[in-house]
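> 3D model of this:
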Amino acid sequence: MTKKLAIVTRYALGILLIILAINALGGGFYGMSGAPDVPVEWLEGTPFTSYFISSLILFVAVGGTSLFAGILVFRKSLYSRLASFFAGMVTVIWLTVQVAIIGYVSWMQPTTAGVAALILVLTWLLPSNLEQNG
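Presented below is the predicted three-dimensional model:
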């Protein structure tokens, strides 16, 4: 991989992770605040009576890991690939569980799945720390 392509890959990955983090942190905060515009009927058949717990998980697990990974990617950390892979997989697991429990309810589910897949591909393409020179 050329140095220029490695830089583009790093920035694309970092930006996607930060966008995912902002989305998850915002969604998590909204849900913990009561999610007034989201139908409570979606929770029927789930272990939840409100959106608080699931939103807290979204905030911490998806938002937190994505933000942490994004920071590591931009800092060119030795652990950026591991953190990015973990953030991508946490997002895939989150979406899989969400769709299994409440079904398809929003265009954001497949969009976020696409972003998670792209994060995993870019993580695979990201040069290891030993290969990085810039």
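
> For Met108, which non-adjacent residue is closest in space?
Spatial nearest neighbour of Met108, excluding adjacent residues (CB to CB, 6 or more residues apart in numbering): Asn23 at 8.0 Å. Where C-beta positions appear, they are placed from N, C-alpha and C, glycine not excepted.

> Now do the SS call for that neighbour.
Put simply, Asn23 is helix when judged by DSSP: H, G, I helix; E, B strand; the rest coil.

> how far away is it from Pro127?
Separation of Asn23 from Pro127 (CB to CB, to the nearest Å) stands at 27 Å.

> Check Gly63 too.
With distances taken as CB to CB, Gly63 is found 27 Å from Pro127.

> ok, now Met89?
Met89 sits 20 Å away from Pro127, going by CB to CB.

> same deal with Val121?
Taking CB to CB, one finds Val121 at 14 Å from Pro127.

> between those two, who's got more neighbours?
Legend: neighbour count by other CB atoms under 10 Å for Val121 and Pro127, higher for Pro127 (18 against 13).

> Can you read off the pLDDT for the more buried one?
Looking at Pro127, its pLDDT reads 89.

> do the same with the one 5 residues further on
At Gln132, the model reports a pLDDT of 52.

> ok, now which ones touch Ile102?
With CB atoms under 8 Å, 6 or more residues apart in numbering as the criterion, the residues that contact Ile102 are Trp42, Leu43, Thr46.

> ok, those vs Val105, which is closest?
Relative to Val105, the closest of the contacts of Ile102 is Trp42; by CB to CB it sits at 6.1 Å.

> Dihedrals phi and psi, the closest one?
Backbone torsions of Trp42, given as degrees, to the nearest 10, read phi -60, psi -20.

> For burial, what's the neighbour tally of Phe74?
Phe74 has 16 neighbours, counted by other CB under 10 Å.

> Look at the closest residue to it other than its chain neighbours and give its secondary structure.
Using CB to CB, 6+ apart and skipping residues adjacent in sequence, the residue nearest Phe74 is Gly14, 4.7 Å away. Three-state call for Gly14 (three-state DSSP): helix.
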